[in-house]
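Colleague: Please find the sequence and the predicted model below.
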Amino acid sequence: MKIPEIKYKNILFATEFSEHWQEIFIQAVNLARNYEADLTILHVLHTELIDLLIFDVGLERSSAIDKKFTLAKDYTENARKIILGRIEQAFGEDILNKYEVLVERGNPVKTILAVAEEKKCDLIVMGFKGRGVSEDNTLGSTVNRVLHKSKLPVMVVHNV
């Protein structure tokens, strides 16, 4: 049997921007370069959902809810500016012109999988910081759940 060539067209790099994110980012960028693939950088702000039942029963929004939405939007935009600054500081401004950077709010696992589907990704790249598998039988909970729920290949880059 001839082994078919794998061709990644869209790669999703999901990151928490933890201590060693740069090394994992380098892996994702090199994969994208080698496969001439698009790369999307995703950071998910894990947030509690604002009481959606209010909207389900058709009640009008109160000013307190409007204020919460405004604060959430401002928080997300500020987080995006910080993340763009980190990427630019580490790799230069040109890198921001090459790749799409998304900052989303919600459940990290669901958001990662939804963005991967929306962007028609072929591969998800994530990092895992921790001890070796022989010393620690569990991966990070987000990485573990993405591995189990994803229909796509997931590349986990281990960082010590």
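Modeller: Arrived safely, thanks for sending.

Colleague: just the helices in the protein please.
Modeller: Assigned by DSSP state H, the helices in the chain fall at 21-35, 53-56, 63-91, 94-98, 108-118, 141-149.

Colleague: mean pLDDT lowest for which of those helices?
Modeller: Mean pLDDT values for the helices of the chain show the minimum at helix 53-56, a mean of 43.

Colleague: quick revisit: which of the helices of the chain is buried the deepest?
Modeller: Ranked by mean neighbour count, the helices of the chain are led by helix 108-118 with a mean of 18 (mean count of other CB atoms under 10 Å). For every residue, glycine as well, the C-beta is placed using N, CA and C.

Colleague: Distance check, residue 126 against residue 146.
Modeller: Using CB to CB, to the nearest Å, residue 126 is found at 6 Å from residue 146.

Colleague: ok, back up a step: for the helices of the chain, which one sits closest to residue 44?
Modeller: Closest to residue 44 of the helices of the chain is helix 108-118 (CB to CB; 4.3 Å).

Colleague: For that closest one, name the packing helices and strands.
Modeller: strand 10-14, strand 38-45, strand 100-105, strand 123-129, helix 141-149 (3 or more CB pairs under 8 Å, 6 or more residues apart in numbering; DSSP states H and E).

Colleague: Can you add distance to residue 89 and give these back as TSV?
Modeller: Supplementary listing: the helices and strands packed on helix 108-118 in TSV, determined by distance: least, CB to CB, whole Å:
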stretch	distance to residue 89
strand 10-14	17
strand 38-45	14
strand 100-105	14
strand 123-129	19
helix 141-149	25
